[in-house]
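> please work out how this folds:
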Amino acid sequence: MTVSIKNNLQLGLQFFCAALFIVFFAVYVVTSTVPVIENELAVTAETEQNILWGEGSQEEIEEQLNKLNVRRTILQEKTTVYMLSVGVILALLLAGTVFMFLTKLRITSFLTALCFLLLIGSSYQYQFLMSSSWLIHMCMAIGAGLIVFLAVRNHPAIPFWCYYSLAFVIWAGLLINLLFGKAANNAALWISVGGISVQIGEAVKFLLILLGAYSYLNTSRSAVFCTTSIFSCVTLVLLHDIGNAAIIFGIFAFVTYYIFDNKLFSVSVIALAAVTLILLICFFSDEARSRFLNCGYAMRRDTAPEIIDALRQQTSLLKELLYGGFRGLGIENVSRISGIYSYDSDMAIAGVQAVFGVPALAAVILSYYLIVVQARWNSSVHPCSYLILVQTAMLITVQVLLNYGGSIDFLPFTGVVAPFISRGGSAMISFGCIMGACAAALCPAVRSGKHAAANPEEKEG
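You can find the predicted model right below:
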């Protein structure tokens, strides 16, 4: 009876959170972004009338009209992309709700939190130069998540060739990135494929989550996971991607401690890997070392000029956060942060707070919490599924802390993006795949324990 009451309370809490987010969803769209669209369209029409009735030569009038037409075209594209984005999010919410009722898949809070984050991301990116790439990346992320969900939901066990293929893809991708990576902002994180830049580190996080989950109760797979994780961390440090290296190390540390029976051995492996990474950062990553040393000096008056110059992003954003206060700068003053580098990616969460205020920040943190807490609410699932949920919880927690903490100079700035809020196709698609795996981990077939074995092979050693 106690278990039943607990489950009912949990389900009621999920539905309450869902209703709360849906209401906030509607109010947020109506009271913030939609009036901005109407105002910008009205200003454009008024400006056109002023130009036509104003003084000046015919050439000057035509030049001003051409500039206005370019602005109107951009505004119309932004408006169309935003409206389509909202439609896609609503369709995802509706389709997910219908699917849950048909399959008894209880992920109401999970789904609504995901949709809310996508809405916040769309509304925040709209304030700046929002293009069709945002909508394309979001649709690709949803499609990739659906594919992963269908592929994983009934397969908590995968054959050995599939497991080792995932490991091979990670090794090959990182080696290609190390040898042929395209440098930008002191980090060679991108490779160009047919004119499209792809960030390998984002895909590695998703693949490592699968490797960690499917290594449960199998010694050989556990060894492959450990070596692949350490190799990924070392490679990312050499590529100066300290943020993703820290995230992957966190996943590696938890899974290593969880999957090995000998805890002393697990702690020894984790400590050895940590010392190795620290030494690599000290001797091979001057940029990362300087960011660690300069952390916390953005708002100090006695800071040296060269350090202030290195922290100008954080300093500028902190000033706007203080100026905006509890209610934020407001959409009418959004141009105040548009000149801050990485405001739409590496500083997205703090940017949301600066524009929309502390309530929006609280809603974003609550949304992330509703995704992270699934591991605790569903601790009775299959061990492989539980590992997927816990690894995802750790990934999102560390990534949000690094993104927001680095923006306000509380933590070293690592260039880590915010899930579903920051601009970036590789990260968006990777997070879509991770969310698909999490939804699959919560399937009724997995929850009821119909799949008894974690792996087709027997436990070795």
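> now for the longest helix seen in the chain, which elements pack on it?
Identified as the longest helix of the chain according to DSSP state H is helix 58-103. Where contact means 3 or more CB pairs under 8 Å, 6 or more residues apart in numbering; DSSP states H and E, helix 58-103 is packed against helix 34-53, helix 108-126, helix 132-152. Backbone N, C-alpha and C define where each C-beta goes, glycine included.
> show me what the second one is packed against.
It refers to helix 108-126. By 3+ CB pairs under 8 Å, 6+ apart, helix 108-126 packs against helix 2-28, helix 58-103, helix 132-152, helix 348-356, helix 358-372, helix 425-441.
> by mean pLDDT, show me the worst of the helices and strands packed on helix 58-103.
Confidence, taken as mean pLDDT, is least for helix 34-53 of the helices and strands packed on helix 58-103 (a mean of 65).
> follow-up on the earlier one: off-centre distance for the longest helix of the chain?
Relative to its chain's centre, helix 58-103 lies at 22 Å (CA atoms, centre = their mean, to the nearest Å).
> before we move on, back to that, weakest of the helices and strands packed on helix 108-126 in terms of mean pLDDT?
Ranked by mean pLDDT, the helices and strands packed on helix 108-126 bottom out at helix 2-28, with a mean of 59.
> so, low pLDDT: which residues of the stretch 201-350 of the chain?
Applying pLDDT under 70 to the stretch 201-350 of the chain flags residues 284-291, 293-311, 332.
> that one: helices as residue ranges?
219-238, 242-259, 263-284, 286-294, 305-310, 312-324, 348-356 (DSSP state H, counting those that start in this stretch).
> okay, F128: pLDDT?
We have a pLDDT of 66 for F128.
> check V29 too.
V29 is given a pLDDT of 56.
> can you check V198 too?
Reported pLDDT for V198: 81.
> ok, it - how many residues close by?
Using other CB atoms under 10 Å, V198 has 18 neighbouring residues.
> just to be sure, it is in a strand?
Yes. Assessed with DSSP: H, G, I helix; E, B strand; the rest coil, V198 lies in a strand.
> I'd like the distance between the closest residue in space to I270 that isn't next to it in sequence and V269.
Excluding its sequence neighbours, the residue lying closest to I270 (CB to CB, 6 or more residues apart in numbering) is A253, at 4.8 Å. Separation of A253 from V269 (CB to CB, to the nearest Å): 9 Å.
> and V204, what does it touch?
Neighbouring residues of V204 by CB atoms under 8 Å, 6 or more residues apart in numbering: 170, 173-174, 232, 236, 244, 248.
> most neighbours, which of those residues?
Neighbour-wise, the contacts of V204 (other CB under 10 Å) top out at N244, 30 neighbours.
> distance check, that residue against S268.
25 Å.
> before we move on, back to that, any idea which of the helices and strands packed on helix 108-126 gets closest to G330?
Taking CB to CB, helix 348-356 is the member of those nearest to G330, at 7.4 Å.
> tell me the angle of that closest one relative to helix 312-324?
Going by axes from the mean of the first three to the mean of the last three CA atoms, to 10 degrees, helix 348-356 is angled at 30 degrees with respect to helix 312-324.
> what angle separates the longest helix of the chain from helix 108-126?
Going by the same axes, to 10 degrees, helix 58-103 makes 170 degrees with helix 108-126.
> between helix 58-103 and helix 425-441, how big is the angle?
20 degrees.
> quick one: closest of the helices and strands packed on helix 108-126 to K182.
helix 425-441 (12.8 Å).
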